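**Student:** would you be able to build a 3D model of this:
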Amino acid sequence: MEQNPEIKPLTFDTYLAVIENSVGSYMFKNLYISVDGEKKDATEDGWLSCAFYASSILYLFKYITDMHATVSSTVKDLIGSGWIEISEPVIGSVIVWKSGENTNNHRHIGFYVGDGLAISNDSQKKHPWKGDWKFNGKREVEMVLWNPDIMKR
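**Tutor:** Below is the predicted model:
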């Protein structure tokens, strides 16, 4: 008689694949909210989609408790979900970049994918892209967050 094979999901590997496969997707371009009864796109048609993008992927894998429209609320959820600040990024860690003059005074959030590269929403293209994790010296990293428990799930 044949035995059933042991099947175990590889959640962390799938998480990394989903991040990689998100590049070029317009899936995170719009997040609609109601403000005083009026429909509004909180992401401004993809211009401000970084937190919605990152938190949606993190939420999909149950690494945080909800999706978010802002970097601040995403970071708060990450920390509340056991993510800690580390000094150097590791594959799968979350990067938060500081706001600044060349960033329209907005913080930014995305994922470190290795080899000095990150994936985050591109405000101009209005979809996730892959590029230098320090934006070729144009953005300063505020923090790198990691949860060692995510590899155990």
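**Student:** what's the mean pLDDT across the strand or helix carrying Lys39?
**Tutor:** Taking DSSP states H and E as the criterion, Lys39 maps to strand 38-41. The pLDDT scores in strand 38-41 average 97.
**Student:** now do the most centrally placed residue in the chain against Ile33, distance only.
**Tutor:** The centroid of the chain falls nearest to Ala54 when counting by Cα atoms, centre = their mean (2.2 Å). As for Ala54, its distance to Ile33 is 18 Å (criterion: Cβ to Cβ, to the nearest Å). C-beta: built from backbone N, CA, C; applies to glycine.
**Student:** give me the average confidence score over stretch 2-22.
**Tutor:** For stretch 2-22, the mean pLDDT works out to 93.
**Student:** and whichever helix or strand comes after the strand holding Lys39, which residues are buried?
**Tutor:** Per DSSP H and E, the first helix or strand lying C-terminal to strand 38-41 is helix 50-60. By neighbour count on 16 or more other Cβ atoms under 10 Å, the buried set for helix 50-60 is 50-59.
**Student:** for helix 50-60, packing partners?
**Tutor:** helix 11-21, helix 71-80, strand 108-114, strand 117-122 (3 or more Cβ pairs under 8 Å, 6 or more residues apart in numbering; DSSP states H and E).
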